[in-house]
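K.L.:
My questions are about this predicted structure, shown below with the sequence.
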There are 4 protein chains.
Amino acid sequence: DAVNIDKVLEEITNDESMSHCRLVQTATSVREVSKQLQRRPLKRAVRSVMIVTKARDNQLVVLTSELTKWLLSTPRYGSDLGFTVYVDSKLRNSKRFDKKGILNQNPRFEHMLKFWTPDMCWNQPEKFDLVLTLGGDGTVLYTSWLFQRIVPPVLSFSLGSLGFMTTFEFEKYKEHLDRVLGDAGMKINLRMRFTCTVWRAGLLGDSQEGEQFEVLNELVIDRGPSPYVSNLELYGDDELLTVVQADGCIFSTPTGSTAYSLSAGGSLVHPDIPAILLTPICPHTLSFRPMVLSDTMALRVAVPRDSRATAYCAFDGKGRIELRQGDHVTITASQYPFPTVTRTDNEWFDSVRRTLRWNVRAAAQKPF
Amino acid sequence: DAVNIDKVLEEITNDESMSHCRLVQTATSVREVSKQLQRRPLKRAVRSVMIVTKARDNQLVVLTSELTKWLLSTPRYGSDLGFTVYVDSKLRNSKRFDKKGILNQNPRFEHMLKFWTPDMCWNQPEKFDLVLTLGGDGTVLYTSWLFQRIVPPVLSFSLGSLGFMTTFEFEKYKEHLDRVLGDAGMKINLRMRFTCTVWRAGLLGDSQEGEQFEVLNELVIDRGPSPYVSNLELYGDDELLTVVQADGCIFSTPTGSTAYSLSAGGSLVHPDIPAILLTPICPHTLSFRPMVLSDTMALRVAVPRDSRATAYCAFDGKGRIELRQGDHVTITASQYPFPTVTRTDNEWFDSVRRTLRWNVRAAAQKPF
Amino acid sequence: DAVNIDKVLEEITNDESMSHCRLVQTATSVREVSKQLQRRPLKRAVRSVMIVTKARDNQLVVLTSELTKWLLSTPRYGSDLGFTVYVDSKLRNSKRFDKKGILNQNPRFEHMLKFWTPDMCWNQPEKFDLVLTLGGDGTVLYTSWLFQRIVPPVLSFSLGSLGFMTTFEFEKYKEHLDRVLGDAGMKINLRMRFTCTVWRAGLLGDSQEGEQFEVLNELVIDRGPSPYVSNLELYGDDELLTVVQADGCIFSTPTGSTAYSLSAGGSLVHPDIPAILLTPICPHTLSFRPMVLSDTMALRVAVPRDSRATAYCAFDGKGRIELRQGDHVTITASQYPFPTVTRTDNEWFDSVRRTLRWNVRAAAQKPF
Amino acid sequence: DAVNIDKVLEEITNDESMSHCRLVQTATSVREVSKQLQRRPLKRAVRSVMIVTKARDNQLVVLTSELTKWLLSTPRYGSDLGFTVYVDSKLRNSKRFDKKGILNQNPRFEHMLKFWTPDMCWNQPEKFDLVLTLGGDGTVLYTSWLFQRIVPPVLSFSLGSLGFMTTFEFEKYKEHLDRVLGDAGMKINLRMRFTCTVWRAGLLGDSQEGEQFEVLNELVIDRGPSPYVSNLELYGDDELLTVVQADGCIFSTPTGSTAYSLSAGGSLVHPDIPAILLTPICPHTLSFRPMVLSDTMALRVAVPRDSRATAYCAFDGKGRIELRQGDHVTITASQYPFPTVTRTDNEWFDSVRRTLRWNVRAAAQKPF
């Protein structure tokens, strides 16, 4: 019934006599499959909705309360009630969120209003059919950090000006949600994440697995507080590609190409592209330019055992971890992408135009 | 027996109940198929070899003659003779090539030594099982220009220092060819090309198809000799993305990312990545940065009907064509990729390192 | 009475015993003199005012007429009349300018309203005590082009948004002019220009002087319509500095650093700095970076006699001139700077901030 | 007798009737004086020579010993002995330097071989008529750090490949020194330094002067180990120019334009140019571009009192100092420039060409 890709792979591998022409045709067709997968609208029965916001932001907590009430009370799928709603457990006793007031509206809400913890996101991600975020791009990154494995579809509201990932205006939340949860269905963009794993040098020349993080934007490795720059060794598929002489380097997803990588001179990369951006920060060699590498490559960055300096990692801007001599980090395309609900087919271009102010002429004198 | 991708596509499209989880898994697997297709060595019975070189370069013609003799005379596949060899028809009467001298070596060569014309490349590409090029990257681009549709596998020799596409030293041609034509087989890199089609504005607001070119490196659209810059309209999948205010713009394949696009500030993009690079030349808006777009996008560049200036196209550096008011060009990933025989799995990195002199410190003062 | 710099120079040259310490002190003081010269307000008796505008722009012609009337009729320096006004001779018979109407206001205007021609700007620049421009930065460049030798002080009005050189709002022209022509005096910024001289290769290996232009923004030398890039030889003080491998190169004044040079990646250079910017266009060598050279250097760019291609020059965006094999251009700081009336001491920064929209965050995602 | 610049300044200031034309002429002449000052060879009676090297580098210490002997023993100025030589006091007891062996050569050396301390450089810089450095550009920066006020002329030897400031090969030290200390005289390049002063926020809104450093290359202000970026306020002549949103910013001298500033995208600036380079590190606003400001401007960078993060300063790569909320640093052109002995008139271009490998084509594919 469903597609058996394993069988397809097996067939290809065994097809000794496959002609060159056939090879070309197949590669073209395979890409088409991939494209179809990303474009078809997803109609799923959403039963539970999780809300992520900044629990310390008073204004956002009030809006979260409003949104919660609407989600609970608006009838769905023939029932006279709405969705089960999971709210940040930090708001359980918040006056501004007003759990009590919500439950007073309808006694049946008691079983429908629940509270999520980071632990649940880690262990039971399948509890959530849809995640709504209220805040900025930072709140989206936080959501990515919560779901280190399987991620439910994420729909992100913006409170003020729309961002690269927050493409739904909160003012129109009813309209937006009725549409994507209704017959139109959700179009999903599977945004690549990286699995970054720290490996610590053992005494015997071995390595022990350390911290692991999924990143949606980027991994940054730099010299941290050290005045000395570490010469970082960069390996691709276990082969030494180059020694990076720079203040640091950024391993960015296409999603992250509009963030830190852009400041360091990287290109804008469309999120559909299966790629790892390697953008050096202040490279000492002028010819060491931003690169776009294949997501099928396993990258590894090592601090040489005889290095004078150590290095520091930051994962989506969080949690500085020191890499000491002999340590390394591996970066690979994650098997747990970050599915975002898209608003329009061209929303990436809309974001770029809007955020980079393309229609405003930002340069210089007018022509003669 | 062979892979039926059409069937796979059909299955996916019909799978209404496909769960979100399944969607993620399938996308991951599909990418894996694509990777396998590019990595498996191709063992094909090569019977005829075509040689492309600069017919005006005396030194190259002499080497072509030497190579031809060796290809004709070295026994292959149990026979006591070698391959059928196709040489540029411009060399038919060349003293330096010395057709007569070659045929004198063995009368059976009479039926094995043939001469190719551009016409044959266009109409009967399947005549050639393998193309060898002698020269620089320019000779490889010329080969791409010769084969506007299906391209046979191309193995490129370098005479001097190795280039980005000329990765086999000619000095060791016997060794190289014995290996790839023997049991080891050829590993093929399917390099994307673009199909660029010029459309001319008709009197009635319609458009008529004009010239069409396959490009391996890039399409450049600039203001040509005009002192005025045209505001080019850029469309993606028929939607206006932006109006380009710049001296021009470069639409580059990943293969071309190491050529003109690099000079204009574009990133280095690995040839495995299915992408279209859009690199502006001297953009007037500082925020208009180099972009990497999906190869599934159909791009179109138009000179507005009310534009003060016209624009000029160059295809892989050749053939300036003027785009007048109302004309447009479409750029799409070609269904006719350019298959190059690869020397090593990491040859792109080797080329980058070698050509950009990464291991040489090209900057500034040493640290304190 | 006035400063005798020649004598100063002579003294320094003869001071054989000048100690190192003294040398340092003198250099410092000399720079201070230069600074004072640029900062002191100039109070001069302005008797005649020239107006430059786009004679084809109807709106501007009407405003020119209004400005003319005001300048003629507003009493100055104890007289009951205003300035002598020179208007573009192209407007002599313009209905919109309405010479007749103006003269009807006061018969004495007959001797005060005059018309300028390009010839007068060339031969009798001392006729004009002050030039007012109405238009954009392009009109300022045109004014520079009119005055190929001595340039009177230039005050530039902007009609819409202020530009880099048009820093006085036309809406407030009365207020602005009353101030700078009154007791406050004019502060003048002496903007450097380049003297660019084309030299044609003679038959005997000699060179003959050709066209000469003063440029306020930049000289651009590029390949023009040619698909081939010329390797341009760059000499400084008659020594070969490098061979430029690029699409072209820009020799920009600090004033021009906000124009084309910026698009090509050049730095923003404050107009007070005595420098020549050399900004390559799409350089083939990644380490060939924008440079800022001393204005005391005599630069020369030559097309080698054995070059495959020619090159093209554009002076402030005007007049393409072909440089053929053996020709060269010299670029030196001009002895005829372009004096602009400044509005505020920090107007350059104001322009940069305003035009580049610095206070608007033009990039990317917000921090986590 | 000597030039009285104060008088010149006075004359200019009093010359109320100075015409515009005269103003232009004077500015041009004044620049010429400045140029002459930098170009005339300096013949001074050198009596004492100081040697700076890395006291921990065994190889360099041996060469220092050799150089010392030659300087002491080679007859100069009619005497049968050479110069007084000052060596690093850290070498006083070094076996490799072998003070004893040197003194054994000639008892009169006892009074000629002396040892310098950092204290002497600070308090009695006039003791040294010439400084020789053995090492790399780092040793030159160390020399600058030693002399925080008046700096004697510095001649820098390179041991291996020549650097930007180490332009004399040590292998030919006898030849080089005989020439510059003989009739040819020394040509001196007065390299600008910056005086950087840290000001600490007082409790009452006042500021107290803190550390002060002379820098030859650059002052870097960045976020240090903090994950947050401080919004730095940049003032020029006490006016707020902009708020810097970036990882940091570099204030570089022209000498430093080939160091860190280049890595961050700054232009190459000729050392003769009186300028302050402001180069942002990873700016968040794409239009915030590298700038070249006048050395007559007093710059100030402040950490706002309400800033979330602090900032860190590094002076020529040394000594991280934290700037807390309310602190600021001033940067002005120093009255104590760094005089380097130049080897050739075009040595800067030679360095650039050599170090950036301009004659090597560092890019991409050859043209078609």
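P.N.:
Received, thanks.
K.L.:
what about the helices in chain A?
P.N.:
Ranges of helices in chain A, per DSSP state H, are A:5-14, A:20-39, A:58-73, A:99-105, A:118-123, A:137-146, A:173-180, A:260-263, A:347-355.
K.L.:
Need the CA coordinates for the shortest one. CSV is fine.
P.N.:
Listed next in CSV are the C-alpha coordinates belonging to helix A:260-263 (Å, rounded to 0.1, in the frame of the first residue of the first chain):
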residue,chain,number,x,y,z
TYR,A,260,23.9,35.0,11.6
SER,A,261,25.4,33.5,8.4
LEU,A,262,24.0,36.5,6.4
SER,A,263,25.9,38.9,8.7
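K.L.:
For residue A:195, which residues count as its bridge partners?
P.N.:
Beta bridges link residue A:195 to residue A:214, residue A:332 when assigned by DSSP bridges.
K.L.:
how much space between it and residue A:332?
P.N.:
5 Å (C-beta to C-beta, to the nearest Å). In short, each C-beta sits where N, CA and C put it, glycine included.
K.L.:
and if you look at residue A:110?
P.N.:
Residue A:110 sits 44 Å away from residue A:332, going by C-beta to C-beta.
K.L.:
With neighbour numbers in mind, choose between the two.
P.N.:
Comparing residue A:110 with residue A:332 by neighbour count (other C-beta atoms under 10 Å in any protein chain shown), the higher total belongs to residue A:332, at 16 against 9.
K.L.:
The more buried one is in contact with residue A:298, isn't it?
P.N.:
Yes. Residue A:332 is within contact range of residue A:298, at 5.0 Å (criterion: C-beta atoms under 8 Å).
K.L.:
tell me, what's touching those two both at once?
P.N.:
Common neighbours of residue A:332 and residue A:298, using C-beta atoms under 8 Å, 6 or more residues apart in numbering or on different chains, do not exist here.
K.L.:
okay, now the closest residue to residue A:163 other than its chain neighbours: neighbour count?
P.N.:
Of all residues not flanking residue A:163 in the chain, residue A:137 sits nearest, at 4.6 Å (C-beta to C-beta, 6 or more residues apart in numbering or on different chains). Residue A:137 sits with 24 neighbouring residues when counted by other C-beta under 10 Å.
K.L.:
How about residue A:325?
P.N.:
Neighbours around residue A:325, by other C-beta under 10 Å: 16.
K.L.:
For it, give its distance to chain C.
P.N.:
Here residue A:325 is placed at a distance of 29 Å from chain C (C-beta to the nearest C-beta, to the nearest Å).
K.L.:
Quick check on that residue: phi, psi?
P.N.:
Dihedral pair for residue A:325: phi -50, psi 130, per degrees, to the nearest 10.
K.L.:
can you tell me if stretch A:271-287 touches chain B.
P.N.:
Yes. Judged by C-beta under 8 Å from any C-beta of the partner chain, stretch A:271-287 comes into contact with chain B through A:272-275, A:277, A:283-287.
K.L.:
quick one: contacts for the residue most central in space within chain A?
P.N.:
Here the mean C-alpha position of chain A is nearest to the C-alpha of residue A:216 (C-alpha atoms, centre = their mean), at a distance of 3.0 Å. The contact partners of residue A:216, taken as C-beta under 8 Å, 6+ apart, are A:140-141, A:144, A:191, A:193, A:253, A:255-256, A:316, A:338.
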